[in-house]
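Asks: need a structure here:
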Amino acid sequence: MSEIANRVLKNSGYLYFSMGLSMFVSLYSTRLILNALGSSDFGIFCIIGGAIGMLGFLNAAMSTTTQRFINYAEGEGKPEKQKSIFTVSISIHFLLSLLMVGIFEIAYFFFFNGILNIPSERISSAKWIYQLMLLSTVLTIQTVPYNAVINAHENMRYLSIIGIFQTLMKLIIALIVVHVYTDKLILYGILTTFVSFVFMIVLRIYCHQNYPECQFSIRKYYNKKLMGEMTSFAGWGFINSSSSMFAQYGMGIILNSFFGTILSAAQGVANQISGQLMVFSRTMLMAINPIIGKKAGSNEIANMVRISLFSSKMSFLVIAFFAFPFIIETPYILQLWLKNVPEWSVCFFRFEITRNMLDQLTIALTSAINAEGQIKYYSIFRGCSYFLPLPMSLLLFHLGFPPYWFYIVWILSWNGIGSLIILHYAHKNCQMQYLDFFKIIIIPTITTTTISLPVGYLFSLYMEESFIRLIIVGSITILTFLTSSWYLAFTKQEKNIIIPACTSLIQRIIHKINILK
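Replies: Below is the predicted model of the structure:
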């Protein structure tokens, strides 16, 4: 277990570094591109990108499928099966690319004949961007199997290096677009597509040279049964991802239709901040998911469940570390960031981050269910739970309930009913014990929360709202959270794993610094 903790910490460190640089450079690059293109052309790029991105959940389902099967085969230790999985995965993604090209070439005529509202003088450039974005999406789809192989081998160092170079390329593109005098929108599309092509080639070369399972041969490694299994798994995963996306989109429409654009803006602000905080959890899970998949493949189900429970607790604590100060100081932080804060933004953010934190309590158990593989009925019931808030919200808003009930209903459906579904199938498919869930996750997280949040909030009551109060309250909240987490959230066994892993990581960092000197 301590070896696993070392691997997770090391891999998370690589990913966090790449993520931090990416967030900083992306914000600056977006500012440059917005100024260079202007609001209208930047809006065209976003509209078309959003239209093509609507079917991103299809690619997400396939990505999860490829990752699961490659990780599972890695755990089984069957090299020939890994080669078959790779060949089938390449075949599926090639067919998926053809399907997307067909769908979007048909949609092309509808988008540019009444759906998209684009100034007439920019229609020609918009059509170019549409085709370039479609090509870029196809190239990205082709990289999914290679990313899955690298992830299965837990080579997060290489993934972080690739991520850093992609980020730097985005910055270079932004600088080029700023300083040219041709059609900036078309140039931006060409350069973005070129970067997608370059990184597809780089990933292909690296994987074929470093991983023996990366051998594509229809004649030698194609497996019809495996094709059926992977397609079936992706189909049930598609139900999950598409249900979630359509339900969220539908709830946004309901909120907008009853309360107007101001409430939509408030929801957008809440989603943006919450999304940035969620990156920390998602990054950690990227490092853990391959381990869960391999444990399933090697039939170490008890270990897989134990790792999943511990990971869910850690995921909650990682989010809580950043979220608790934000929750207490939300009004001041939003005022500092936005100046003109949309009405309901503070309330919506607090509900949104609460919903996301509750998601973390079962998030790694979802990975365990996917890794085990029997997801048909789980996907059906989970997909139904995603749609429950839609009729409930419609009814409540017709009865005159205030807009925050939108989030209350969402939490009851997704985090209440949805979590019960996850727990049921984790117990049924993975032999997870309900008592272990409460002992390992619920009791420690509730205890830590009920200590940390009130302490920080009490200090905020006795100080004037200011940047100094933000620093003091944030520091006290974090210190209280860390102390209560260490003594109340972690068992002695978990501490014996965490301490050596952190010590080893610090020693490696110091060693590398000394080498650089």
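Asks: CA only for contacts and neighbour counts going forward, please
Replies: Will do.
Asks: residue contacts, Thr448?
Replies: Residues near Thr448 by Cα atoms under 8 Å, 6 or more residues apart in numbering: 481, 484-485, 488-489.
Asks: please apply the same query to Thr445.
Replies: Residues in contact with Thr445 (Cα under 8 Å, 6+ apart) are 313, 316-317, 489.
Asks: picking up where we left off before, quick one: which of the contacts of Thr448 is nearest Lys376?
Replies: Ala489 (34.1 Å; Cα to Cα).
Asks: chain neighbours aside, what residue packs nearest to the closest one?
Replies: Leaving aside its chain neighbours, Ala489 sits nearest to Pro444 (4.4 Å; criterion: Cα to Cα, 6 or more residues apart in numbering).
Asks: for Tyr457, same thing?
Replies: The nearest residue in space to Tyr457 (Cα to Cα, 6+ apart) is Ile328, at 6.0 Å.
Asks: OK, contacts around that neighbour?
Replies: Contacts for Ile328 (Cα under 8 Å, 6+ apart) come out as 453, 456-457, 460.
Asks: what about the helices in the stretch 51-200 of the chain?
Replies: Taking DSSP state H, counting those that start in this stretch, the helices of the stretch 51-200 of the chain run over residues 56-76, 79-110, 123-152, 156-178, 184-210.
Asks: what's the burial count for Met432?
Replies: By other Cα atoms under 10 Å, 22 other residues sit near Met432.
Asks: what do you get for Pro403?
Replies: By other Cα under 10 Å, the residues close to Pro403 number 18.
Asks: and what of Leu395?
Replies: Other residues near Leu395 come to 12 when the count uses other Cα under 10 Å.
Asks: roughly how far does it sit from Trp414?
Replies: Leu395 sits at a distance of 18 Å from Trp414 (criterion: Cα to Cα, to the nearest Å).
Asks: equivalent analysis for Phe238, please.
Replies: 18 Å.
Asks: quick one: low-confidence ranges for the stretch 301-450 of the chain?
Replies: Within the stretch 301-450 of the chain, the set of residues satisfying pLDDT under 70 comprises 337-340.
Asks: helices along that one, start to end?
Replies: 301-328, 330-338, 345-360, 363-372, 376-387, 389-398, 405-410, 418-430, 434-437, 443-461.
Asks: looking at these, which is buried most?
Replies: helix 363-372 (a mean of 25; mean count of other Cα atoms under 10 Å).
Asks: domains of this protein?
Replies: Annotated domains of the chain cover 1-222, 241-517 [automatic domain parsing].
Asks: any idea which of the helices of the stretch 51-200 of the chain gets closest to Pro403?
Replies: Using Cα to Cα as the measure, helix 56-76 is the one of the helices of the stretch 51-200 of the chain that comes nearest Pro403, at 27.9 Å.
Asks: centroid-wise, who is the farthest residue in this protein?
Replies: Tyr462 (37.7 Å; Cα atoms, centre = their mean).
Asks: roughly how far apart are that one and Ser475?
Replies: 15 Å.
Asks: and for Lys81?
Replies: According to Cα to Cα, Lys81 stands 51 Å off from Ser475.
Asks: over to Glu465?
Replies: 15 Å.
Asks: repeat for Ala247
Replies: Distance of Ala247 to Ser475, computed by Cα to Cα: 38 Å.
Asks: and for Lys78?
Replies: Counting by Cα to Cα, the gap from Lys78 to Ser475 is 50 Å.
Asks: contacting residues for Leu135?
Replies: Thr193.
Asks: pLDDT value on it, please?
Replies: For Leu135, the model assigns a pLDDT of 84.
Asks: okay, now the unreliable bits of the stretch 1-150 of the chain?
Replies: For the stretch 1-150 of the chain (pLDDT under 70), the answer is 1-63, 111-112, 114-119, 122.
Asks: and the helices of the stretch 51-200 of the chain, which is most packed in?
Replies: Counting by mean count of other Cα under 10 Å, helix 56-76 has the highest mean neighbour count of the helices of the stretch 51-200 of the chain, with a mean of 23.
Asks: so which of the domains of the chain is nearest Phe233?
Replies: Phe233 lies closest to domain 1-222 among these, at 6.5 Å (Cα to Cα).
Asks: from Phe310, how far off is the residue nearest to Ala489?
Replies: Distance, Pro444 to Phe310, using Cα to Cα: 11 Å.
Asks: the residue lying closest to Thr449 once chain neighbours are set aside is in what secondary structure piece?
Replies: Distances taken as Cα to Cα, 6+ apart put Phe481 closest to Thr449, at 7.8 Å, once the chain neighbours are dropped. Taking DSSP states H and E as the criterion, Phe481 maps to helix 467-484.
Asks: circling back to that earlier point, my guess is the residue nearest to Thr449 meets Ser452, correct?
Replies: Yes: Phe481 is in contact with Ser452 according to Cα atoms under 8 Å; the separation is 5.0 Å.
Asks: which helices and strands sit right next to the strand or helix carrying Gly252?
Replies: Assigned by DSSP H and E, Gly252 belongs to helix 224-259. With contacts taken as 3 or more Cα pairs under 8 Å, 6 or more residues apart in numbering; DSSP states H and E, helix 224-259 sits against helix 56-76, helix 79-110, helix 261-297, helix 376-387, helix 389-398.
Asks: compare those helices and give me the one nearest Glu213.
Replies: helix 79-110 (4.5 Å).
Asks: the nearest residue to Phe216 once chain neighbours are set aside: what's it in contact with?
Replies: Distances taken as Cα to Cα, 6+ apart place Thr87 nearest to Phe216, at 4.9 Å, with adjacent residues excluded. Thr87 makes contacts with 214-218, 221-222, as judged by Cα under 8 Å, 6+ apart.
Asks: for the residues you listed, which entry has the maximal number of neighbours?
Replies: Cys214 leads these on contacts (other Cα under 10 Å) with 22 neighbours.
Asks: can you tell me how far that residue is from Met133?
Replies: The gap separating Cys214 from Met133 is 28 Å, by Cα to Cα.
Asks: how much space between the nearest residue to Lys313 once chain neighbours are set aside and Asn289?
Replies: Closest residue to Lys313 apart from its sequence neighbours, by Cα to Cα, 6+ apart: Ile441 at 5.3 Å. Between Ile441 and Asn289 the computed distance is 18 Å (Cα to Cα).
Asks: these two: which is more packed in?
Replies: More neighbours surround Asn289 than the other of Ile441 and Asn289, with 25 against 22 (other Cα under 10 Å).
Asks: who touches the more buried one in this structure?
Replies: Contacts of Asn289 (Cα under 8 Å, 6+ apart): 364, 367.
Asks: what pLDDT does it get?
Replies: The per-residue pLDDT reported for Asn289 equals 75.
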